[in-house]
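need the 3D shape of this:
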Amino acid sequence: MKDTLVAFTRYGIGHAGDEALQLKLAGTWLRMCIENKRYPGAMTFYTDGVRLACEGSPVLEDLAALEREGVHLILCKTCIDALGLADAVRVGVIGGMGDIFAAQATATKVVSL
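Next up is the predicted model:
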């Protein structure tokens, strides 16, 4: 999966159900990556997805574990600024859309969750 990029555009996974369910699904998916030692090369976070990498997110520990395994976590600066979350970021690097585009362009597969 090293050539795969995973994009998080929501605060969780899915469009139906409540936020708690969406966050539970995201946590389960991230833990499956860790438990199976199947790491994507990069993960991008934009729009509401940037909240996953911020203080108070229930998936912070999982994201930190993936980052320690070498997964590149890229957060959209425009989104972070728009949501007022610059001081709340706890994992990943804040980059521009150019950084996200570059990561997508070098991936052989992009998965949007």
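
need the pLDDT of H15.
Looking at H15, its pLDDT stands at 86.

wasn't it part of a strand?
No - counting by DSSP: H, G, I helix; E, B strand; the rest coil, H15 is not part of a strand but coil.

can you give me the neighbour number for it?
Residues lying near H15 (other Cβ atoms under 10 Å) number 7. Where you see a C-beta, it was placed from the backbone N, CA and C, and this is true even at glycine.

what's the answer for L73, then?
By other Cβ under 10 Å, the residues close to L73 number 21.

neighbouring strands of the stretch of helix or strand it belongs to in the sheet, and parallel or not?
Using DSSP states H and E, L73 sits in strand 72-76. Partners of strand 72-76 in the sheet, by DSSP bridges, are strand 42-45 (parallel), strand 93-95 (parallel).

any idea which of those is most buried?
Sort those by mean neighbour count, taking mean count of other Cβ atoms under 10 Å, and strand 42-45 sits at the top with a mean of 27.

now it: average pLDDT?
Averaging pLDDT along strand 42-45 yields 98.

which residues sit against the following helix or strand past it?
Toward the C-terminus, strand 42-45 is succeeded by helix 60-68 as the next helix or strand (DSSP H and E). Contacting residues not belonging to helix 60-68 are listed as 27, 30-31, 33-34, 39, 43, 52-53, 57, 73, 90-92 [Cβ atoms under 8 Å, 6 or more residues apart in numbering].

quick one: buried residues of helix 60-68?
Judged by neighbour count using 16 or more other Cβ atoms under 10 Å, the buried positions of helix 60-68 are 62-63, 65-67.
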